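S.K.: Let's see this in three dimensions:
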Amino acid sequence: MRRACLLPMLLAILVQGGCQAGLDDGLAPARLDEPFFRCRVQPVLTQSCAAFACHGDGRRFFRVFARNRLRLGGTEADRNAFLSEAERGYNYASASALVVPGRPDESLLVRKPLDERAGGYFHQGAHVFGGGDVFLDREDGDYQVIAQWIEGATEDPSCIEPGSDQ
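M.R.: Now for the predicted structure:
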């Protein structure tokens, strides 16, 4: 009987004052710049990650949609079409999920494909395909592009993504 009364009492305390912090109290993730992603990061992911045997495989946790690669619906005849807004949005959300805004050293998006000898994490693709990791060190230009995005770099919203329909 006493235990049955304890739960409602604890809930009342939490509702009335025990959990005053709201979602807008600095806990919401920072929004990364979409134009920088679209015009600078997306081309890196397309070139380095979107092969069918890698992240262009719909079974992977991190997927990258790209022309002539993984597509969101459509037919084989549509494979070379420009990316749809949904595909661009999915790529942005998927990449953002692997980022700790402002901290590339803690972000899987750059640490996973970084060679382990340079401080990266184990990346199965480097071992399966034998060509080494995507980024051999932190000085790699493509690594730098993604790290800049994670650190908050911005791009002119009117930029045109290479290979887009614009």
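
S.K.: May I have the helix or strand hosting residue 42 exported as CSV, CA atoms only?
M.R.: Assigned by DSSP states H and E, residue 42 falls within helix 42-49. This file holds the C-alpha atoms of helix 42-49, laid out as CSV (Å, rounded to 0.1, in the frame of the first residue of the first chain):
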residue,chain,number,x,y,z
GLN,A,42,27.6,16.5,-49.8
PRO,A,43,30.1,16.2,-52.7
VAL,A,44,32.7,14.7,-50.3
LEU,A,45,30.2,12.1,-49.1
THR,A,46,29.1,11.3,-52.6
GLN,A,47,32.7,10.8,-53.8
SER,A,48,34.1,9.0,-50.7
CYS,A,49,31.2,7.2,-49.1
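
S.K.: which residues of this structure fall in helices?
M.R.: Assigned by DSSP state H, the chain shows helices spanning 2-13, 34-36, 42-49, 85-96, 108-111, 124-128, 141-150.

S.K.: what about the most centrally placed residue in the chain, distance to residue 56?
M.R.: Centroid check for the chain by CA atoms, centre = their mean gives residue 95 as the closest residue, at 1.1 Å. Using CB to CB, to the nearest Å, residue 95 is found at 14 Å from residue 56. C-beta: built from backbone N, CA, C; applies to glycine.

S.K.: quick one: common contacting residues for those two?
M.R.: Listed as contacting both residue 95 and residue 56 by CB atoms under 8 Å, 6 or more residues apart in numbering is no residue at all.

S.K.: okay, the helices of the chain in JSON lines with distance to residue 162 next?
M.R.: Output for the helices of the chain, formatted as JSON lines (distance: least, CB to CB, whole Å):
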{"stretch": "helix 2-13", "distance to residue 162": "54"}
{"stretch": "helix 34-36", "distance to residue 162": "13"}
{"stretch": "helix 42-49", "distance to residue 162": "5"}
{"stretch": "helix 85-96", "distance to residue 162": "13"}
{"stretch": "helix 108-111", "distance to residue 162": "19"}
{"stretch": "helix 124-128", "distance to residue 162": "23"}
{"stretch": "helix 141-150", "distance to residue 162": "13"}
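
S.K.: a markdown table for these, including mean pLDDT and distance to residue 78?
M.R.: Output for the helices of the chain, formatted as a markdown table (pLDDT from 0 to 100; distance: least, CB to CB, whole Å):
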| stretch | mean pLDDT | distance to residue 78 |
| --- | --- | --- |
| helix 2-13 | 43 | 52 |
| helix 34-36 | 96 | 24 |
| helix 42-49 | 90 | 17 |
| helix 85-96 | 94 | 11 |
| helix 108-111 | 93 | 28 |
| helix 124-128 | 71 | 27 |
| helix 141-150 | 96 | 28 |
